[in-house]
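Chemist: Quick check, what structure comes out for this input:
(chains A and B)
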Amino acid sequence: MNREDIFNGITGIRDDQISEAAHGRKRSRNRRLVWMSAVAACLVVVLVTVNIWNPSGRILTAYAIAQAEYPKQEEHRDAWKVEKKDEAIREYKGTLAEFEKTVVPGLLSGTEGENRICSPLNVYMALSMLTELTDGESRTQILKLLDCDSMETARSRADALWNVNYKDDKTVCLLANSLWLNKNIPFEQRTMDTLAVTYHASSFQGEMGSAGYDRALRSWVNQNTGGHLKEQAAGLSLKPASDDLAVMTLLSTVYFRAKWNDAFKSRDTEPGTFHAPDKEQTVDFMHQTEDGNYYWGEKFSAAEKSLEGSGSMWFLLPDEGVSPEDLLSDEDALLFLTDREKWENPEEEEIAQFLTDDTESERSKYMKINFLVPKFDVRSNLDLAKSLQKLGITDVFQTGIADFSPMLAAGKEEELSPYISEVRHAVRVTIDEEGCEAASYIEIPGAGAAAPASDTVDFVLDRPFLFAITSADGSLLYAGIVNRP
Amino acid sequence: MEDQEIIRLYHQRDENAITQTEKKHGVFCRRLAIRILSNRQDAEECVNDTWMAAWNRMPPDWPRSLRAFLGRITRNISISRFRFSHASKRFAGMELLLSELEECVPGGEAAEQMLEQQVLSEIIAGWLDGLESSDRVLFVRRYWYGESVKGLAFSHGETPNRMARRMQRLRQSLRTVLEKEGVEI
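Modeler: Reported below is the predicted structural model:
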């Protein structure tokens, strides 16, 4: 017999001995009957225009030239089995985390006391689609931000992201894309076909700025975001703010709706005080005690509420004296948001030290968590143009420099010199006793940073905090700062 | 989600079972693997292999404790990986655990070469039953969960040196029992 036999012998000791030594307790079987849901939706709108006055006043409705089809859930499950998803996630996980780490601080900073939300996944998909419409340095700049060395990589990653995240049953996670083309401008059909196949993008043609075309656009947004962005979509128009002529609008949405795995009981919801940046606010707080992992970083504490079907909602509470925006410039907090596995597990050298010197390095504990979470319905509307330019995507915003040649029929590119005039990002996230709902679009026109002493912790979100909604693969569907629930 | 519900998902061949397992037990299994292998990437692969193994074993298995079931798989996969390249310096975690456990190996030239793991596990489990509750918990936390001596000392209000001596006494005690059971000599 050798020492490995002893190790294996210990592996086989009884379950009750293993459980006895565990930190955690068994989960309560008292499941609540009423549950809250979490709903989120977002949209990115990219508006591509040219410097021409548009005299059109006619009203025409849109007609589709390519209609994306979504797979049935059962067929999709068969086509994307666990092993295939696992392989795909391994391929893109690291680079996606880097992308999230790069863009989130830029998109969420500068709140000035207001709520701010973004969807890194939504931005990623919109940018990925833009690579199909651009060429030359315009495309290279985008590929660089996406960390893709070729168009093949960009396509396969976008396809994998779409399929890994796609869910349309009790839980919904839908990434939808569309193109709204000016009917008077000839487009390159092959590019539209690629977008339809790889990005499940529908294409429409119509009179830019006409009431009918705008109505069709808003209807598409509402349909693909469960109506969750209705108010924000009401202001959407294909008519540029300036006198420019709109050539094309790219729309990308992410809609997410899921119930909590362990719902809050509505009878435990009570009004309480939320300490907003400039005043105190009375809001409804949901209360629940749940066993789960409690995390503590250098400047924050965090806990997770898991969502049915897939994904989780994460709450990061900054320590006293630290603002949510401070966390955005904190490497430790950003790593937690974008790559918890890496955050949780020390680097190899540190591990070796931990094992040889017996240095304590744990940063989470499975324990009883008393959640006190404000109900909220937060929205934000961001102009992404400046943020993207800061991240190195500059050429597509400049007429005469932007290269949209793959989008237009031969010869039209030089004639029109299109460029992106606006990139808007609208997001709304709602949570209640049942779960969470979120939607977004992109239009391209208590002191807690210490290990808890006991096995129970009060996690009270009564001051500004950060949240994130992650999908089954861990990617960041939404991240936001709640200053006013 | 309750463990029994997760197990039911496995039996229904619902891939959400893996999502829920990762969510609930991912940190636990990852920590186990990393304590043994001392390498984040290797540990991550072991945990992914654990999910695949769990998927293949349920059905027919219906574990009473999913956490213990997953932990055993993780430990087994981790030690296989350790064996594969144990010469590497990277495996400091496993080396440390094994070097401590060496003290439990009964002496004598005629030590049994092969002892069924199940029998050995039963002997160890019986020995654990006879310990004071606090000693039993400490031993399992150190040698099943792979927690650090310093961490255990901290949580029990003892100095690391004192905790190390306590562990040494426990290992000696186990060795005595194994010898008495005829494992050696």
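
Chemist: Starting from residue A:363, give me the distance back to the residue nearest the centre of chain B.
Modeler: By C-alpha atoms, centre = their mean, chain B has its centre lying nearest to residue B:144, at 3.2 Å. Distance check for residue B:144 against residue A:363: by C-beta to C-beta, to the nearest Å, it reads 21 Å. Yep, even glycine has a C-beta here, placed from its N, CA and C like the rest.

Chemist: circling back: list the contacts for the residue nearest to the centre of chain B?
Modeler: Contact analysis of residue B:144 by C-beta atoms under 8 Å, 6 or more residues apart in numbering or on different chains lists A:10, A:11, A:13, A:18, A:21, B:71, B:75.

Chemist: Strands - which of those land there?
Modeler: Using DSSP state E to define strands, no part of those is located there.

Chemist: distance of residue A:99 from residue B:79?
Modeler: Using C-beta to C-beta, residue A:99 is found at 36 Å from residue B:79.

Chemist: out of the two, which sits in the more crowded spot?
Modeler: Shown here are residue A:99 and residue B:79; by other C-beta atoms under 10 Å in any protein chain shown, residue A:99 has more neighbours (24 against 21).

Chemist: Helix, strand or coil: sort out the more buried one for me.
Modeler: helix (DSSP: H, G, I helix; E, B strand; the rest coil).

Chemist: repeat for residue A:219
Modeler: Here residue A:219 is recorded as helix under three-state DSSP.

Chemist: Got the confidence number for it?
Modeler: We have a pLDDT of 84 for residue A:219.

Chemist: So what's the residue count around it?
Modeler: 12.

Chemist: Ok, residue A:257 next?
Modeler: The criterion is other C-beta under 10 Å. On that basis, residue A:257 has 27 neighbouring residues.

Chemist: And the one 3 residues further on, by the same measure?
Modeler: By other C-beta under 10 Å, 26 other residues sit near residue A:260.

Chemist: Surely it touches residue A:305?
Modeler: Yes: using C-beta atoms under 8 Å, residue A:260 is in contact with residue A:305, at 5.8 Å.

Chemist: picking up where we left off before, next, format the contacts of residue B:144 as JSON lines and append pLDDT.
Modeler: Below are those laid out as JSON lines (pLDDT from 0 to 100):
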{"residue": "A:10", "pLDDT": "89"}
{"residue": "A:11", "pLDDT": "87"}
{"residue": "A:13", "pLDDT": "89"}
{"residue": "A:18", "pLDDT": "87"}
{"residue": "A:21", "pLDDT": "83"}
{"residue": "B:71", "pLDDT": "93"}
{"residue": "B:75", "pLDDT": "91"}
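
Chemist: Let me know the closest of those to residue A:388.
Modeler: Nearest to residue A:388, judged by C-beta to C-beta, of the contacts of residue B:144 is residue B:71 at 45.6 Å.

Chemist: quick one: contacts for the closest one?
Modeler: Residue B:71 makes contacts with A:18, B:28, B:29, B:32, B:144, B:145, as judged by C-beta under 8 Å, 6+ apart.

Chemist: What's the local residue count around the third one?
Modeler: By other C-beta under 10 Å, 26 other residues sit near residue B:29.

Chemist: what's the closest non-adjacent residue to it?
Modeler: Distances taken as C-beta to C-beta, 6 or more residues apart in numbering or on different chains place residue B:74 nearest to residue B:29, at 4.6 Å, with adjacent residues excluded.

Chemist: okay but that neighbour is in contact with residue B:32, surely?
Modeler: Yes: using C-beta under 8 Å, residue B:74 makes contact with residue B:32 at a distance of 4.8 Å.
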